[in-house]
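Asker: Pasted the sequence and its predicted model underneath.
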Amino acid sequence: AEVQAAARGSAPTHCPYCALQCGMRVEATQGAVTVAPREFPANGGGLCQKGWTSAALLDSPARLTTPLVRERGQLRPAGWDEALDTVAAGLGRIRAEHGADAVGVFGGGGLTNEKCYALGKFARVALGTSNIDYNGRFCMSSAAAAGTRAFGMDRGMPFPVTDLAGADAILLAGSNPVETMPPFAQHLSGASGCEGLVVVDPRRTPTAARANLHLQPAPGTDLALALGILHAAVAGGHLDTEYVRTRTDGFDAAWQQAASWWPERVERITGVAAADQRRAAAMLAGARNAYVLTARGTEQHADGTDTVSGWINLALALGLPGRAGSGYGCLTGQGNGQGGREHGQKSDQLPGYRKIDDAASRAHVAHQWGIAPEDLPGAGPSAYELLDALGTEHGAKALLVFGSNVAVSAPRAAHVTDRLAGLDFLAVADIVLSETAAMADVVFPVTQWAEEDGTMTNLEGRVLLRRKAIDPPAGVRSDLHVLGELATRLGQPPEAFPCEPQRVFDELRRVSAGGVADYAGITYERLRDGAALHWPVPDTEHPGTPRPFLDRFAHPDGRARFVPVTYSGPAEGADEDYPLLATTGRLLAHYQSGAQTRNVDELMAVDGEMFVEVHPDTARRYDLSDGEAATVTSRRGTVHAVVRCVPSMRMDTVFLPFHFPEDNRANLVTSTALDPVSGMPEFKVCAVRLGRDRGT
Ligand code: SF4
């Protein structure tokens, strides 16, 4: 890719996309930027197509290079001072008229740790609002909640990803890494070589196709399946009684619930044969080393936290978590999905992954920030609740969005778009004019991955440095600059909101010290020397904590908790009017809402149009054929998509990728039922009907 930037450079860094954070090298010489894979344990020197083409993001014709301000209904170029003054004045006016909570802030799980931290502090100190949350709520909040209640701490994968290679058996629930993060697949080779790879997925994904056992439950029945396999494990004599006695609490209560979910009963609900449930249990129990791993497919449900607890209960019953070479882990999706929830942009968390309602945590953070604990706002609404209330009597009247494209990625997307349109004021910071940015009153053009230093925390809880390789285009500034300038205009001292990533990180280290996610001992110097450290790292001599649960779990008594859970079904089932179930997911060529990847020609050449996967018989029932334009309609809206007939699909299920905009948004149909524990929306199942697309 050609670059207009003045500076040229070369840097070992990491991919701008997903949570694997593959190692790569950026070379910027003679007018061109190239990327090449670099050895890093998580990717073993590999990249996927998104990583290989990531240089195209840097000089995309879609790149924003000047602030935009809305005037007479149109966005027009503006200077930085005008844009910043306009936002500060707009926020100040709305706060004065309606109070601090009238301004909302929405962040992203792709932002660097420094930006996540600065955003949380900006919301709570400069704005004084409790209305802050981020798109990670839509990503893996249910797994985070389940991990915390089981282990006392949520560190997605509490072991290095390379440990997986030594496993004889791995159960992957709702995860498709062969397609979504291909270099990860190398770590599954031990289990698949031992014929011990079990994949739970309603679709026969590329990962499921590699499995030795593919369990294909009806969408929304994952918890029933987890209970059935637990039942099979216990009834089959596979309970690790010594481990359960010495390292856990609560088995009896959990078993009281699971005892009524015998495999034949579960077969009637899920469609997964009882014999296969027993086989899965035996494969895990018979392995020398085994893992249970979850991801969005099983987590994005209105019973998502309980579903993950169901899988964790299974892992605990088999004695896997906290044992060398075995365990439970969650595969984070977004680039900084792990770090994104640790530093305070989540509505119920403060930096250091502290709970916002904990008095000692509030006192510590308030002291660090130079404010009184009583001036620190409390927990705010979860992401969808925040969006749903926008512009209403009880919701925010103004919204600042950083690193998120909620007009595409939120459930019931048309409703969320209406809510955005009803705001008094919307400001968005992004690298391109995303669908959300296009609705804004002010748009800030901001830097991206190779244009500034910043740390990320990958799916192993490993903190790494993305280094600056090139200067940003003229006119583009860091999100940290935007926050610092706005804070100053809102009356904060400039030193409270520095713009240099290392200064922000040093403050983050101090504030996180003593917390769950303790970054105190991670320094830019160590990271520049090549370290990539698993938190907690309490001091600068500490080597990091790759496997935090080997000796004890993080509850005060060191024991893990079984959590009693039972199955009651998804919020919305198929019926006469909407007889099919829709589920959503990612594609190899795209990432999240597609705001980045839809601007990369090579990726659009792979998958450039919205489609719906349907079983051929199901398509015939609706008088549709492969390649034909169709509509998929739920109680919330209609999405337009081209039919792809896929014989391996369940006949009651259709699949929609969620990367496409406008009337191709999968989230036009998705459900807003929320998990009561985590606030996770039920993206992975809703009732729909198919139709012919009369508009084409
Ligand atoms: Fe690696 Fe993920 Fe980037 Fe692909 S998108 S290169 S899997 S970090």
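Answerer: That came through, no problem.

Asker: Any idea how many residues pack against the residue of the chain found nearest the ligand?
Answerer: Residue of the chain nearest the ligand, by Cβ to the nearest ligand atom: residue 51 (2.5 Å). No exception for glycine: its C-beta is placed from N, CA and C like everyone else's. Using other Cβ atoms under 10 Å, residue 51 has 26 neighbouring residues.

Asker: OK, contacts around it?
Answerer: Residue 51 sits next to 15, 17, 22, 24, 35, 37 when contact means Cβ atoms under 8 Å, 6 or more residues apart in numbering.

Asker: Show me which residues of the stretch 1-150 of the chain sit near the ligand.
Answerer: Residues of the stretch 1-150 of the chain found near the ligand (Cβ under 6 Å from any ligand atom) are 15, 17, 18, 20, 21, 22, 43, 47, 48, 50, 51.

Asker: Throw these into a markdown table and include distance to residue 358, thanks.
Answerer: Formatted as a markdown table, these follow (distance: Cβ to Cβ, whole Å):
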| residue | distance to residue 358 |
| --- | --- |
| 15 | 35 |
| 17 | 34 |
| 18 | 31 |
| 20 | 32 |
| 21 | 30 |
| 22 | 36 |
| 43 | 37 |
| 47 | 41 |
| 48 | 40 |
| 50 | 39 |
| 51 | 39 |
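
Asker: And the longest helix belonging to the chain, what does it pack against?
Answerer: Across the chain, the longest stretch assigned as helix under DSSP state H is helix 80-98. The contact analysis (3 or more Cβ pairs under 8 Å, 6 or more residues apart in numbering; DSSP states H and E) places helix 80-98 against strand 68-71, strand 103-107, strand 398-402, strand 425-430, strand 442-445, helix 479-489.

Asker: quick one: buried residues of it?
Answerer: Using 16 or more other Cβ atoms under 10 Å as the test for burial, helix 80-98 gives 80, 83, 84, 85, 86, 87, 88, 90, 91, 92, 94, 95.

Asker: The fourth one contacts residue 489, doesn't it?
Answerer: Yes - with contact defined as Cβ atoms under 8 Å, residue 85 counts as touching residue 489 (7.0 Å).

Asker: Could you name every residue contacting both of those two?
Answerer: What both residue 85 and residue 489 touch, as defined by Cβ under 8 Å, 6+ apart, is an empty set.

Asker: Roughly how far does the residue most central in space within the chain sit from residue 612?
Answerer: The residue lying closest to the centre of the chain (Cα atoms, centre = their mean) is residue 139, at 3.3 Å. For residue 139, the distance to residue 612 equals 23 Å [Cβ to Cβ, to the nearest Å].

Asker: Please, which helix or strand holds residue 584?
Answerer: strand 580-585 (DSSP states H and E).

Asker: Show me what that strand is packed against.
Answerer: Partner elements for strand 580-585 (3+ Cβ pairs under 8 Å, 6+ apart): helix 296-299, strand 653-657, strand 686-692.

Asker: now the helix or strand that it is followed by, how far from the chain's geometric center?
Answerer: Next along the chain after strand 580-585, taking DSSP H and E as the criterion, comes helix 601-606. What separates the centre of helix 601-606 from the centre of its chain is 23 Å, taken as Cα atoms, centre = their mean, to the nearest Å.

Asker: buried ones in helix 601-606?
Answerer: So for helix 601-606, counting by 16+ other Cβ under 10 Å, buried means residue 603.

Asker: Just the C-alphas of that helix, formatted as PDB.
Answerer: As requested, the backbone C-alpha atoms of helix 601-606 are provided in PDB (Å, rounded to 0.1, in the frame of the first residue of the first chain):
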ATOM      1  CA  ASP A 601     -10.600  -4.800  -1.600                       C
ATOM      2  CA  GLU A 602      -8.900  -8.200  -1.200                       C
ATOM      3  CA  LEU A 603     -11.200  -9.100   1.700                       C
ATOM      4  CA  MET A 604     -14.300  -7.900  -0.100                       C
ATOM      5  CA  ALA A 605     -13.200 -10.100  -3.100                       C
ATOM      6  CA  VAL A 606     -13.500 -13.100  -0.800                       C
END
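
Asker: Thank you, goodbye.
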